[in-house]
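In: return a 3D structure for these sequence lines:
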Amino acid sequence: MRYRLRGALVVVALLLSTMAGAQPAPADFTLANGLRVIVQEDHRAPVFVGQVWYRVGSADEPPGLTGISHVLEHMMFKGTAKVPTGEFSRLVAHFGGDDNAFTTDNYTCYQQNHVADRLALALELEADRMANLRFDAGEFASELKVVMEERRLRTDDNPRALAFERFKAMAYPSSPGRAPVIGWMRDLEALTVDDVKDWYQRWYAPNNAILVVVGDVTPDQVRAQAEKYFGAIPARPLPRRAAMRELAEPGERSLVVRFPTQVPMLYLGFNLPSAGSPRDGDDAYALALLAGVLDRGISARLESRVVRAGKAAALQSSYSPLARGDTLLTITAIPVDGQSLADLRDAVLAEVWRLRDDPAAPEEIQRALAIMAADDVFSHDQVEDQARLLGMLASSGLPLDLADTAMKRMAQITPDKLREVARRYLQPSRMSTLMLEAPAGGGQ
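Out: Reported below is the predicted structural model:
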């Protein structure tokens, strides 16, 4: 036992030292119009990734306009006077690059990957659509149908996704995080091109954006090109963003849904703070470690005592300490044949409650730390992953070195501290439970 523990400590120490010395700190500066620019040099290959992050997502959408941030993401590829419809991605591909975009509850990101000498092209294209997007009614109608079909395929016709959507709406009774990113279908059906144009004019301004460039570039190069292409775009007054703050103890909630499915599923969630929460943010480090003890690696409690014990066919959990505000620890599980969802819930909760009464052993903590530290090191391997982490941190208002400092802080957490945090947060008054069952007569 002592040998294994000492070995785990050595692994953690090596990984932490690797993280600390692997790269210089990113350059971080702001243009006069409010555009924040973050540059991480990585000269291992002659490539770079450029991302523009807008601090707006589904959590900023009022009732009746859910899904509008995602619809605008689609419209951002529909052209300007300078770059007509369909030409953006064609130009990127013509010069050997590729592009992508995604919307979440907290931000919308646009990405280009290129060889290193295409920096000017990437920034010119992004600055053009930041300032000059066109809103053609016909293009909007066509793209809205695409989004609605996306919702049908990914959510309405997918029992698990539909159940998770209901679960999320229940788990956030007062937080703006409850709305689906894709939007409710009734809101999409009522959306107009003027709605989306107004949303663009409200939120897509340089003082609400972050330019992240990672790769074979220098801060001076990026600064010069950013000034050239973005510098003349004026700042604008911005709407106030609602705080991602949930009720401290919303009360125990439960829901049973019956959709055409062959596989029943359990969804469990606990309302927790993140490092970006307006209150109790410091507890996020202990909570992240607690989640690691619970479900990181084959020796973690849920894996060893629920899955490998034959009580669940599959199980996974999720908790992000890097969220913009209050968030969830989510556990989803599929029962083995012949076991009820209620029995599976009891088996999972037995391990959750055990964290409050049975302190994590030092070797459990070190195993979780080693896995988390390794994940952090590997996240620096690809320039795209580096850029995404920096963009997430900046968009959530968190320090850019938080991932590294979080590992160091977690390494100082004791078993007693973990038990104290578990007793405070892993309570029925913070818990949501949803059971996805097949309707009478079975699924499809």
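In: count of neighbours near the nearest residue to S254 once chain neighbours are set aside?
Out: Nearest non-adjacent residue to S254, counting by Cβ to Cβ, 6 or more residues apart in numbering: T433, 4.5 Å away. To be clear about C-beta, it is placed using only N, CA and C from the backbone, and glycine gets the same treatment. Other residues within reach of T433, judged by other Cβ atoms under 10 Å, total 23.
In: beta partners for T433?
Out: Taking DSSP bridges as the rule, T433 bridges to S254, L268.
In: how near is it to L344?
Out: Per Cβ to Cβ, to the nearest Å, T433 is found 11 Å from L344.
In: mind listing the shared neighbours of the two?
Out: The contact sets of T433 and L344 overlap at L266 (Cβ atoms under 8 Å, 6 or more residues apart in numbering).
In: for the residue nearest to S254, list the residues it contacts.
Out: 252-255, 266-269, 345.
In: same thing with R241?
Out: 55-56, 60.
In: which among those residues gets closest to L369?
Out: Nearest to L369 among those, counting by Cβ to Cβ, is R55 at 31.6 Å.
In: correct me, but that closest one touches R240?
Out: No: using Cβ atoms under 8 Å, R55 is not in contact with R240; the gap is 11.9 Å.
In: these two: which is more packed in?
Out: R55 (21 against 6).
In: for G397, see how far away the more buried one is.
Out: 9 Å.
In: can you check E303 too?
Out: Separation of E303 from G397 (Cβ to Cβ) stands at 34 Å.
In: please apply the same query to D157.
Out: 37 Å.
In: ok, now G325?
Out: 9 Å.
In: quick one: pLDDT of the residue nearest to S254?
Out: If you check T433, the pLDDT there is 98.
In: can you check P260 too?
Out: pLDDT, P260: 94.
In: got it, and F378?
Out: 79.
In: ok, the one 4 residues further on next?
Out: What the model reports for Q382 is a pLDDT of 91.
In: same thing with A374?
Out: Reported pLDDT for A374: 88.
In: from the contact counts, what lies against the helix or strand where it lies?
Out: A374 is part of helix 362-378, with elements assigned from DSSP states H and E. On a contact count with 3 or more Cβ pairs under 8 Å, 6 or more residues apart in numbering; DSSP states H and E, helix 362-378 meets helix 2-21, helix 283-295, helix 402-410, helix 415-425.
In: in this protein, which spans are strands?
Out: 27-30, 36-41, 47-54, 98-103, 108-115, 209-215, 253-258, 265-272, 312-318, 327-335, 431-437 (DSSP state E).
In: give me the contacts around the shortest one.
Out: Residues external to strand 27-30 that are found in contact with it (Cβ under 8 Å, 6+ apart): 36-41, 219, 222-223, 400.
In: higher neighbour count, G325 and G397?
Out: G325 (25 against 12).
In: any idea how far M148 is from that one?
Out: 29 Å.
In: equivalent analysis for W199, please.
Out: Taken as Cβ to Cβ, the span from W199 to M148 is 17 Å.
In: over to F378?
Out: 37 Å.
In: and for T327?
Out: Here the criterion is Cβ to Cβ. By it, T327 lies 28 Å from M148.
In: more crowded one of those two?
Out: Legend: neighbour count by other Cβ under 10 Å for T327 and M148, higher for T327 (30 against 19).
In: bridging residues for that one?
Out: Bridge pairing for T327 - DSSP bridges - gives L272.
In: you'd agree it is up against A275?
Out: No: under the criterion of Cβ under 8 Å, T327 makes no contact with A275, lying 9.8 Å away.
In: quick one: low-confidence parts of the chain?
Out: Along the chain, segments meeting pLDDT under 70 span 1-22, 441-444.
In: so what are the structural domains in it, by residue number?
Out: According to automatic domain parsing, the chain is divided into the following domains: 26-230, 244-437.
In: which residues touch the closest residue to P335 other than its chain neighbours?
Out: Using Cβ to Cβ, 6+ apart and skipping residues adjacent in sequence, the residue nearest P335 is L344, 4.4 Å away. Residues in contact with L344, defined by Cβ under 8 Å, 6+ apart, are 266, 311-312, 333, 335.
In: and these as JSON lines, adding neighbour count and distance to F29?
Out: Listed next are those as JSON lines, based on neighbours: other Cβ atoms under 10 Å; distance: Cβ to Cβ, whole Å:
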{"residue": "L266", "neighbour count": "24", "distance to F29": "47"}
{"residue": "K311", "neighbour count": "21", "distance to F29": "53"}
{"residue": "A312", "neighbour count": "22", "distance to F29": "49"}
{"residue": "A333", "neighbour count": "24", "distance to F29": "46"}
{"residue": "P335", "neighbour count": "22", "distance to F29": "53"}
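In: neighbours of the nearest residue in space to E143 that is not next to it in sequence, how many?
Out: Among residues not flanking E143 along the chain, H74 sits closest, at 4.7 Å (Cβ to Cβ, 6+ apart). H74 is flanked by 19 other residues according to other Cβ under 10 Å.
In: kindly report the same for S429.
Out: So S429, with other Cβ under 10 Å, has 13 neighbours.
In: against L355, how distant is the nearest residue to it once chain neighbours are set aside?
Out: Leaving aside its chain neighbours, S429 sits nearest to E249 (4.0 Å; criterion: Cβ to Cβ, 6+ apart). Distance, E249 to L355, by Cβ to Cβ: 18 Å.
In: repeat for P264
Out: Distance from P264 to L355, by Cβ to Cβ: 26 Å.
In: ok, A122 next?
Out: A122 sits 46 Å away from L355 when distances are taken as Cβ to Cβ.
In: ok, those two, which is more surrounded?
Out: A count of neighbours by other Cβ under 10 Å puts A122 above the other of A122 and L355, at 26 against 21.
In: contacts only, for the more buried one.
Out: Applying Cβ under 8 Å, 6+ apart to A122 gives the contacts 48, 50, 92, 97, 112, 114.
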